[in-house]
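[1] fold the stuff below for me.
(one chain, ligands or ions: 2)
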Amino acid sequence: MPPPAKKVDPPHRLTFATNSLRNTTFSLNNDKFYYEIVTRFWHPHLTKINKYDYENRVVTCVAEIESMPKKEVKVRFNKPDAEGEWIRASDFVKSEGGGVGGLFTSEDGATFRWKTHNRCLQLVNANDEEKVPIAEYHPFKRHFLVFRMSERAWLEVKPEATATLEKILESLSHAAFSMAANFSSVPVLDFALADDQVRKPEFIDQLKHALINVGFLYLKNHTVPQQVVDDLIGYIPHLFDLPQEAKDKIRMANSPHFLGYSKLGAEFTKGKTDYREQFDFATPHETKWRPGAPEYLRLWGPSQWPDERLMPGFRHTMETYLAHVQQLGYRFISLLAEAFGLASDALNSFNDADEFMQHRGKIVKYPANDGSFADQGVGPHYDAGFLTFLLQASPHPGLQVQNLSGEWIDAPPIPGTFVVNIGKALEFVTRGLARATSHRVLSPSVGSTPRYSVPFFQNISLHARLADSVLDFPINILKLKALRGDPATTDSVNFSEFDREPSGKVNLIGRVKSHPDVAERHYPDLFKQYFPSGLAKTR
Ligand SMILES: O=C(O)CCC(=O)C(=O)O
Ligand SMILES: [Fe+2]
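    Numbering: from 1, shown residues only. Ligands and ions are numbered 1, 2, ... in the order given. Predicted coordinates:
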């Protein structure tokens, strides 16, 4: 008779009571032990891992993480009878270059590595060539495109690894935060949850993550009727197929408001030509500028529309679309304030009354790369305003966003959604809590049909001086930013003047840089300042 098979103990499954690794509890071995990871609000920079031993009725703080603003994160492991030495977290979990995870060594000298696997984190013995995981962390799940979104986070630990559980927990909290912050895809948020009193907190929680760690999100089930979107999409190819003469009649160079038609190659990002053709329109507005008033008030004014006889119904369709997205934008801003722990109207002070506001929407065509030019549809940049609601109006990929370690992540079109991203003005007033994320568009590949998109830029008052605003964020929100860390430096266009100039001036400078032909005609002084050698030098 063969000997009975050796019984293998099943792994321990630790289910987290909340989905945040900073404040959660979980039990091990049928509640004989349970662990608590906790950051008290009166000690916001200190996270403790406590172990509760029910049988012996003792609580021990087994490990601590200290993350002070602008200082290196430190950790220490305590013995039941003595506190440990503080060491740098980077000496405990050694990073292996840009990626997520890292290496750490247990008490008995074995080295372990955290690695990502299908959006989970797996812990493997660094010497194990087979890479069999001895622990696995499943974060709070957001199922792509599936209505039912959430499940609790859990950690599975093989019995042989429980001896080193405390180090696993401590290293996991680093690896999990780098994974959360260093996104590898853009989250999809369901706007229907925001109207569901029971599930609204779930939406707010997802929004908080997206705003702080990613700066980009997809919004599905939003409030802009699909018919309004489809009507607009139907017009787009015809708009670009208008006779060149009809397009030139409404060219942007006619408009001190930077509204109208820009031919292929008329726009620049960081001095390089963007290979796109576009029409800038905006919500209705009569310019408030009068001689003697600040020049930046001229930035807003009426749109130039194509001849109604050539595009019957187009103006009405576009204006209806813009009005709907504007409404969505205002609603979104109040949810965003809530996600940051502020009153829902806390950001309204950046807007003037409706008649003094204008938001811009443009219709863009990215022709296929014919092999003769660089593939810069639009170069790496940040948007200047508060929020952008981007409609990807054809099924082409090409939009990419840059994550914390500088990698470019694809944000392909998802039907029925807007891509929402944060502009530099919102980043500034939230003191960097909301991330403005650098993004770009690659031209469609050789032989492809053109890509179309419609970005809507939600503005704030031209007069707003962002440096003067003081928003009082709760400490737990500020802490999330400290945990995220700072993004890698990028070569994207920045809007650094928000620290001294009114928002209108900052925007005007941005427009002058990207549309020098308009600037030369309508803003000669600024043109001279930013293009001292004239237009030829920009090409
Ligand atoms: O066309 C797109 O998908 C993005 C355009 C964009 O980022 C912009 O114009 O600011
Ligand atoms: Fe953009």
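[2] which pLDDT value goes with A488?
    Turning to A488, the model gives it a pLDDT of 52.
[3] residue contacts, the closest residue to ligand 1 within the stretch 401-539 of the chain?
    Nearest to ligand 1 in the stretch 401-539 of the chain, going by Cβ to the nearest ligand atom, is S453, at a distance of 3.4 Å. For the C-beta atoms, the positions are set from N, CA and C on the backbone; glycine is no exception. Counting by Cβ atoms under 8 Å, 6 or more residues apart in numbering, S453 makes contact with I363, V364, Y366, L390, L391, Q392, A393, S394, L399, V441.
[4] so which of those also contact ligand 1?
    Among those, the ones lying near ligand 1 by Cβ under 6 Å from any ligand atom are V364, L390, L399, V441.
[5] with pLDDT, secondary structure and neighbour count as extra columns, can I get those in JSON lines?
    What follows is the ones next to ligand 1 among the contacts of S453, written out as JSON lines (pLDDT from 0 to 100; DSSP: H, G, I helix; E, B strand; the rest coil; neighbours: other Cβ atoms under 10 Å):
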{"residue": "V364", "pLDDT": "97", "secondary structure": "strand", "neighbour count": "25"}
{"residue": "L390", "pLDDT": "98", "secondary structure": "strand", "neighbour count": "23"}
{"residue": "L399", "pLDDT": "96", "secondary structure": "strand", "neighbour count": "25"}
{"residue": "V441", "pLDDT": "95", "secondary structure": "strand", "neighbour count": "26"}
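[6] widest-spaced pair of those residues?
    Using Cβ to Cβ, the ones next to ligand 1 among the contacts of S453 reach their maximum pairwise distance at V364 and L399, which is 11.1 Å.
[7] got the contact list for L535?
    P516, D517, E520.
[8] number of nearby residues for the first one?
    If you count neighbours by other Cβ atoms under 10 Å, P516 ends up with 23.
[9] wait, what's in contact with it?
    Neighbouring residues of P516 by Cβ under 8 Å, 6+ apart: F268, F527, Y530, F531, L535, T538.
[10] how about the stretch 101-250 of the chain: which residue is closest to ligand 1?
    Nearest to ligand 1, among the residues of the stretch 101-250 of the chain, is F216, at 10.6 Å (Cβ to the nearest ligand atom).
[11] give me the pLDDT for that residue.
    If you check F216, the pLDDT there is 89.
[12] secondary structure class for G234?
    Here G234 is helix, with the state taken from DSSP: H, G, I helix; E, B strand; the rest coil.
[13] please parse this structure into its domains.
    Split into domains by automatic domain parsing, the chain comes to 14-181, 200-538.
[14] who wins for proximity to L189 among those domains?
    Closest approach to L189 among these is made by domain 200-538 (5.2 Å; Cβ to Cβ).
[15] that closest one: how far from the chain's middle?
    Taking Cα atoms, centre = their mean, to the nearest Å, one finds the center of domain 200-538 at 14 Å from the center of the full chain.
[16] then I477 would be within a strand, right?
    No: going by three-state DSSP, the assignment for I477 is helix, not a strand.
[17] still on that earlier bit, okay, the contacts of L535 in a markdown table with pLDDT next?
    Listed next are the contacts of L535 as a markdown table, based on pLDDT from 0 to 100:
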| residue | pLDDT |
| --- | --- |
| P516 | 90 |
| D517 | 91 |
| E520 | 95 |
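[18] which of these fall in strands?
    Among the contacts of L535, no member falls in strands (DSSP state E).
[19] what is the nearest of those residues to A425?
    Distances from A425 to these, taken by Cβ to Cβ, are shortest for P516, at 22.7 Å.
[20] which parts of the longest helix seen in the chain are buried?
    The longest helix of the chain (DSSP state H) is helix 314-339. For helix 314-339, the neighbour count (16 or more other Cβ atoms under 10 Å) marks 314, 317-322, 324-326, 328-329, 331-339 as buried.
[21] what sits against the single nearest residue of the stretch 251-400 of the chain relative to ligand 1?
    With Cβ to the nearest ligand atom, the shortest gap between the stretch 251-400 of the chain and ligand 1 falls at L399, namely 4.3 Å. Applying Cβ under 8 Å, 6+ apart to L399 gives the contacts L390, Q392, D410, A411, P412, V419, H439, R440, V441, S453.
[22] now, which of the residues you listed lie within strands?
    Among the contacts of L399, the ones falling in strands (DSSP E) are L390, Q392, D410, V419, H439, R440, V441, S453.
[23] out of the residues you listed, which one has the weakest pLDDT?
    Per-residue pLDDT puts D410 lowest of those, at 89.
[24] just checking, that one touches Q400?
    Yes: here D410 reaches Q400: they are 5.7 Å apart, a contact under Cβ atoms under 8 Å.
[25] the closest residue to Q226 other than its chain neighbours in helix, strand or coil?
    Excluding the flanking residues, the one nearest Q226 by Cβ to Cβ, 6 or more residues apart in numbering is G416, at 6.8 Å. Recorded secondary structure, G416: coil (three-state DSSP).
[26] now do S469 against N56, distance only.
    According to Cβ to Cβ, to the nearest Å, S469 stands 53 Å off from N56.
[27] between these two, who's got more neighbours?
    Neighbour comparison, S469 and N56: the larger count goes to S469, with 14 against 7 (by other Cβ under 10 Å).
[28] who are the neighbours in contact with the closest residue in space to that one that isn't next to it in sequence?
    Leaving out its chain neighbours, the residue that sits closest to S469 by Cβ to Cβ, 6+ apart is V429, at 5.3 Å. Neighbour list for V429: L347, F350, L466, S469, L471 [criterion: Cβ under 8 Å, 6+ apart].
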